[in-house]
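>>> here is the input, now give the coordinates:
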Amino acid sequence: MKNTEERLRKVLIEFGIDQESVSKDSDYYFDLNLDMLDLLRVASKIRKEFRVSIPDNEIFRMERISDTIYFIEQKPEFVSSCC
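I've put the predicted structure just below:
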C-alpha cells in the first residue's frame, strides 16, 4: 500500500497540489480544494500512472486519498510494482 500511496502522492503533486496538503486522509474537496473538473483531470493522470480503469462516476464517490488508494488496490489489473 505504501508504494500506491507514494505514487498517488506524486501524481497529485505533479498536478499542482502542495505536497504539505497531501496525506492519506486529505479530502479532495475540502483539504485540496479540487472541483469536479479537477477530479476528472486527476483521474486521467491516475489511470495513466496505475494503468487502471476508473469510471468518471467512481472518481466522484472517492472523497479522500485513502478511498482512491483502496479503489486502485482492489482492481484486478493493478500491479503494485509496475512502472
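
>>> now do the helices in the chain.
Using DSSP state H, the helices found in the chain span residues 2-15, 36-50, 56-61, 65-74.

>>> for the shortest one, buried residues please.
I take that to be helix 56-61. Within helix 56-61, the residues that qualify as buried are Ile59, counting by 16 or more other C-beta atoms under 10 Å. The C-beta positions use only the backbone N, C-alpha and C, and glycine is treated the same way.

>>> for the helix or strand of the chain with the lowest mean pLDDT, C-alpha coordinates in CSV please.
One helix or strand of the chain scores below all others by mean pLDDT, DSSP states H and E: helix 56-61, with a mean of 88. The C-alpha trace of helix 56-61 is given here as CSV (Å, rounded to 0.1, in the frame of the first residue of the first chain):
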residue,chain,number,x,y,z
ASP,A,56,-15.8,9.0,-14.0
ASN,A,57,-18.8,8.4,-11.7
GLU,A,58,-16.5,6.3,-9.4
ILE,A,59,-14.0,9.1,-9.0
PHE,A,60,-16.7,11.4,-7.7
ARG,A,61,-17.5,8.9,-5.0
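
>>> against which helices or strands is that helix packed?
Secondary-structure packing of helix 56-61 (3 or more C-beta pairs under 8 Å, 6 or more residues apart in numbering; DSSP states H and E): helix 36-50, helix 65-74.

>>> below-threshold pLDDT in this structure: ranges please.
1-2, 77-83 (pLDDT under 70).

>>> 80 - rerun?
Low-confidence segments of the chain (pLDDT under 80): 1-2, 75-83.

>>> now what about the least confident helix or strand of the chain, what contacts it?
36, 39-40, 42-43, 67-68, 71 (C-beta atoms under 8 Å, 6 or more residues apart in numbering).

>>> could you turn the buried ones of those residues into a PyMOL selection?
The PyMOL command for the buried members of the contacts of helix 56-61 (criterion: 16+ other C-beta under 10 Å) is given here:
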select buried, resi 39+42+43+67+68+71
